[in-house]
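**Q** Structure, please.
(one chain, ligands or ions: 1)
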Amino acid sequence: MCGIVGYVGRAEAAPILLEGLRRLEYRGYDSAGVATLEEGCVSVRKEVGRIDDLKKAIGSHPIGGTTGISHTRWATHGKVTRENAHPHFDRSGKLALVHNGVIENYASLRAQLEEEGHIFQSQTDTEVLAHLVGRAFDRSSERTQGALVAAVRDALRQVTGTYGIGVVHAEFPGLIIGARRGSPLVLGIGKGEHFLASDVSAIVSHTRDVVYLNDYEIAAITEDGFTLSTVEGLGADYNVTTVDMTDEDVGKGDYTHFMLKEIHEQVRSVTDAMRGRLSHEEATAKLGGLNMTNAELRSVERIVLTGCGTALHAAMVGEYLIEHLAQVPTECEFASEFRYRNLPMTKDTLVFVMSQSGETADTLAALRESKRKGHRTLGICNNVASTIARESDGGVYMHAGPEIGVAATKSFTSQVTVLALIALLLGRIRNLSSAAGSRIISEMETLPDLIAKVLAKEEEIAAVARRYAQAKVMLFMGRQLNYPVALEGALKLKEISYIAASGYPSAELKHGVIALVNAETPSVFIAPDDAVFHKNLSNIEEVKARGGPVIAIGTEGKGGELSLICDDVILIPQAPEILTPILTSIVLQIFAYHIAVELGCDVDKPRNLAKSVTVE
Ligand code: M6R
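**A** Numbers count the residues shown, from 1 in each chain. Predicted structure coming up:
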């Protein structure tokens, strides 16, 4: 989604802003722009397309100045055009503003401003906010920094919706004002320079000391310092956090794509998700962050897991794991539907919201609704500084490290690992024996080695992927724990290669899906050595009987039966049933990746998609 970078200091702002925007490219965008303050004016450059296009525009018409704001736009209100790209100006042309989020009452505000004679250059909700701030400042009797902050405050009081903003004004060449409600904003502290960003990865090469703004806070930032206040006009306290992220973490290293790097990081990320959380002594998992005693956990009668996209698929694996190991009734719900449903939730229902970024608007809304209804609501997040992490009553961090590729990979396997730990803990305080707990712990400890063995098969999987890259439609089938993996495999393929793909429980085939089977439509069956292996085999036979090509993901030692009927077989190492979703999903990540590369797709920046979806 949209990204913001601001700089105030002694260096040339434009190159720093461009570099920051480049680091936010992964979030997804369709246009970009920069505004700097030079010689009493605001200079602006905007382009539709990539940051490289904006860089070229600045190369041919350079802009100077040591203060500036910049933005990547993911269109919501108004088409993808240069006019709609940010920054936007107020009526005087002296004030420029960048904005993430949605101003919900922009239409009525715009009508009112137009009645007063304001003329708009774009179709965006953002330009309305720029005009509101400019109008408030121009009405003020003072031309001071304090009066500009007051004008921002005044404008923000009139809007409903969400915002993360950066504002500059030609009369204050060393000042940026930032504010947030619902869209993340972080302030970076340097020496003789300060930064503003929607995501810490944009500024981590300059500073690791940051202040995360809270909702309704306004920051006035100069090269020497900053002040914080609230939209209500009160002072605000802050904590300086040193972020645990290096420049290397947010780079591609020797990999061609972030997605491939992150696929290969899964030995480490899954290890980190388990680190210090397995107790051999008590044959259970230790998850202090849940902030719940065993007695409280034992009184949980029902669990609801909610999230979006890949996070929801991980939740669906979690549903099987929790019901299997702990026998606690568990239900998964799209976060986008959660708020609008009237889910029957007893007072002992525990809600988990799952989100890699911790900023997904629908998931955040589900968290708030669940809390509003009085349920204890826990988060499973990767981004420790995120809004969801902060607003949850407790939870478990994934510790997967930054995930930059738009296609979620390591976050899925970390989420499933965390859910397995939760299932183990809930099981052990109920009926699961200590012997069973110990066995599960020993099995989980083999995961990093098993993942390494799957990753070592990359070339073999890539060769299969290339053979099917020209397919127009692909079906993914799995049963039980591997049904959500079928959904996830289909999602991975369609989002990065644009091949139409859908996932189903294997047995659903004969209820309609089988009509799609023909010689041009490959079916991917996830059929590891588990309790339903032979059921899967029968479903594969049904596809083969109708001339459909089949790629099977099986288990070493059981490959023979699959090879007899399937066109291609990829084998994972022998593994306990509960761990198979992690291994089979990695095969499908590699499969989708190599198809997308074969088709020449922009793997890390798929069309129309954003890494973190911060609008509803
Ligand atoms: O940051 P989140 O985990 O909340 O993101 C949820 C989805 O937007 C995300 O998983 C999305 O489906 C991925 N692009 C899929 O690869």
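
**Q** how close does Ser585 sit to Phe412?
**A** 6 Å (Cβ to Cβ, to the nearest Å). C-beta here means a position set from N, CA and C on the backbone, and glycine is covered the same way.

**Q** Those two: which is more packed in?
**A** Phe412 (32 against 29; other Cβ atoms under 10 Å).

**Q** residues contacting the more buried one?
**A** 310-311, 313-314, 488, 585 (Cβ atoms under 8 Å, 6 or more residues apart in numbering).

**Q** Which ones among those also lie next to the ligand?
**A** Among the contacts of Phe412, the residues that sit close to the ligand (Cβ under 6 Å from any ligand atom) are 310-311.

**Q** Now do the shared contacts for Ser585 and Phe412.
**A** The contact lists of Ser585 and Phe412 share Glu488, where a contact means Cβ under 8 Å, 6+ apart.

**Q** buried stuff in stretch 547-565?
**A** 548-555, 558-559, 561-562 (16 or more other Cβ atoms under 10 Å).

**Q** count of neighbours near Ile263?
**A** Neighbour tally, Ile263, other Cβ under 10 Å: 24.

**Q** Go ahead and confirm it touches Tyr593.
**A** Yes - with contact defined as Cβ atoms under 8 Å, Ile263 and Tyr593 form a contacting pair (6.7 Å).

**Q** still on that earlier bit, among the contacts of Phe412, list the two that are farthest apart in space.
**A** Ala311 and Ser585 (13.1 Å; Cβ to Cβ).

**Q** Which residues of the stretch 251-400 of the chain lie near the ligand?
**A** 307-311, 355-357, 360, 363.

**Q** ok, now how distant is the residue in the chain positioned nearest to the ligand from Gln356?
**A** Closest to the ligand within the chain is Gly309: 1.9 Å, counting by Cβ to the nearest ligand atom. Relative to Gln356, Gly309 is positioned 9 Å away (Cβ to Cβ).

**Q** more crowded one of those two?
**A** Gln356 (31 against 23).

**Q** Contact partners for the residue of the chain closest to the ligand?
**A** With Cβ under 8 Å, 6+ apart, Gly309 has these contacts: 408, 491.

**Q** Now it: phi and psi?
**A** phi 60, psi -130 (degrees, to the nearest 10).

**Q** cool, and His71?
**A** phi -160, psi 140.

**Q** that older thread, name the residues contacting each of Gly309 and Gln356.
**A** By Cβ under 8 Å, 6+ apart, the residues touching both Gly309 and Gln356 are Ala408.

**Q** if you skip the residues just before and after it, what's nearest to Leu455?
**A** His264 (6.0 Å; Cβ to Cβ, 6 or more residues apart in numbering).

**Q** doesn't Tyr255 make contact with the one you found?
**A** Yes - between His264 and Tyr255 there is a contact at 7.2 Å, judged by Cβ under 8 Å.

**Q** Looking at the two, which is more packed in?
**A** His264 (20 against 15).

**Q** quick one: the more buried one from Asp199, how far?
**A** Counting by Cβ to Cβ - His264 and Asp199 are separated by 23 Å.

**Q** so which strand or helix has the residue of the chain positioned farthest from its centre?
**A** Note on the chain: the largest C-alpha distance from the chain mean falls to Ser141, namely 44.2 Å (Cα atoms, centre = their mean). Assigned by DSSP states H and E, Ser141 falls within no helix or strand.

**Q** dump the residue contacts of it.
**A** Ser141 sits in contact with Ala147, where contact means Cβ under 8 Å, 6+ apart.

**Q** Could you measure from it over to Ile177?
**A** Distance, Ser141 to Ile177, by Cβ to Cβ: 19 Å.

**Q** again, but for Glu114
**A** Glu114 sits 25 Å away from Ile177, going by Cβ to Cβ.

**Q** One more: Thr242?
**A** Taking Cβ to Cβ, one finds Thr242 at 25 Å from Ile177.

**Q** Which one of the two is surrounded by more residues?
**A** Ile177 (27 against 10).

**Q** Can you tell me the SS state at the closest residue to that one other than its chain neighbours?
**A** When the adjacent residues along the chain are set aside, Ile177 lies closest to Val167, with 4.4 Å between them (Cβ to Cβ, 6+ apart). Under DSSP: H, G, I helix; E, B strand; the rest coil, Val167 falls in the strand class.

**Q** Quick one: residues contacting Val167.
**A** Applying Cβ under 8 Å, 6+ apart, we find Val167 in contact with 69, 95-97, 133, 148, 152, 176-178.

**Q** Among those, which are located in helices?
**A** Residues of the contacts of Val167 located in helices (DSSP state H): 133, 148, 152.

**Q** The last one reaches Ile176, doesn't it?
**A** No - taking Cβ under 8 Å as the contact criterion, Val152 and Ile176 are not neighbours in contact, 11.0 Å apart.

**Q** Arg439: which element?
**A** helix 434-445.

**Q** I'd like to know which elements that helix is packed against.
**A** strand 278-279, helix 410-428 (3 or more Cβ pairs under 8 Å, 6 or more residues apart in numbering; DSSP states H and E).

**Q** What pairs with the first one, parallel or antiparallel?
**A** Strand 278-279 has the following strand partners under DSSP bridges: strand 284-285 (antiparallel).

**Q** Show me what counts as buried in the very next helix or strand once past the strand it pairs with.
**A** Counting by DSSP H and E, the next helix or strand C-terminal to strand 284-285 is helix 294-298. Using 16+ other Cβ under 10 Å as the test for burial, helix 294-298 gives Leu297.

**Q** Pull the residues that contact helix 294-298.
**A** 290, 425-426, 429-430.

**Q** What's the PyMOL line that selects buried ones from those residues?
**A** The buried residues among the contacts of helix 294-298 can be selected in PyMOL (16+ other Cβ under 10 Å) with this line:
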select buried, resi 290+425+426
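
**Q** will you turn the contacts of helix 294-298 into CSV that also has pLDDT?
**A** Below are these laid out as CSV (pLDDT from 0 to 100):
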residue, pLDDT
Leu290, 94
Leu425, 97
Leu426, 98
Ile429, 96
Arg430, 95
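
**Q** ok but Lys371 is inside a helix, no?
**A** Yes - under three-state DSSP, Lys371 sits within a helix.

**Q** ok, now how distant is it from Ser392?
**A** 9 Å.

**Q** got it, and Asn214?
**A** The gap separating Asn214 from Ser392 is 15 Å, by Cβ to Cβ.

**Q** Which of those two has more residues huddled nearby?
**A** Ser392 (26 against 16).
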